[in-house]
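> here is my input, please return the structure:
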Amino acid sequence: MTVKEIAAVAILALSLQARADVQLAPASDIDLHAAYCVGTETQTVASEGAEVAATNRDSPRRLESAAKARLLRLHHYLDGRLTFVAKMDIDAAIKRGSADMTSIVNDPNVKACANKCWHLPMIDSVDVAKRCMAPCDERLPQIWSCKDLSWLP
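This is a model prediction of the structure:
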């Protein structure tokens with residue numbers, strides 16, 4: 001090993017040690033909310049993408065495109081934060097969002113409850129539909145919060 005290589009290894013070791021000594025901050029509520037939404041929106045992109053492939057209709061394509069845009073925005077925020085916050089909580093929130101979305105989409109009781117709402121008169125309002133569906137599962141409002149990212153800095 002040359003002197004330059006030894007010096008480079010020493011500098012690298014010192015910088016890694018300095019990085020290990022830095023305490024990462026706990027994830028904030030916004031960080032955790034964004035991570036949860038990464039999980040839900042990842043599932044949305046996957047399900048809408050599968051429907052686009054199966055049906056070739058415009059509606060799922062628009063929903064998939066909107067979900068991809070939200071997912072990109074969430075990743076843009078979180079990727080910048082991961083340098084400063086503990087990743088373990090972020091990973092757990094992503095998994096929780098993904099699990100919640102998968103569970104709700106596959107739960108026949110939630111589907112049956114939600115289907116009752118779409119048959120109501122005057123269901124053309126999204127707010128009316130949400131008020132009707134909210135009792136179907138307590139996780140729905142949290143998932144819906146991922147559709148409007150105005151809370152994200």
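> buried sites along the longest helix along the chain?
Criterion DSSP state H: the longest helix present in the chain is helix 29-55. For helix 29-55, burial by neighbour count (16 or more other Cβ atoms under 10 Å) applies to 31-45, 47-49, 51-52. In short, each C-beta sits where N, CA and C put it, glycine included.
> what's the helix or strand encompassing His76 packed up against?
According to DSSP states H and E, His76 maps onto helix 58-81. Where contact means 3 or more Cβ pairs under 8 Å, 6 or more residues apart in numbering; DSSP states H and E, helix 58-81 is packed against helix 29-55.
> mean confidence score for stretch 61-70?
Stretch 61-70 shows a mean pLDDT of 85 in the predicted model.
> separation between the nearest residue to Lys87 once chain neighbours are set aside and Val85?
Leaving out its chain neighbours, the residue that sits closest to Lys87 by Cβ to Cβ, 6 or more residues apart in numbering is Leu24, at 7.9 Å. Relative to Val85, Leu24 is positioned 6 Å away (criterion: Cβ to Cβ, to the nearest Å).
> the more surrounded of these two?
More crowded of Leu24 and Val85, by other Cβ atoms under 10 Å: Val85, with 18 against 12.
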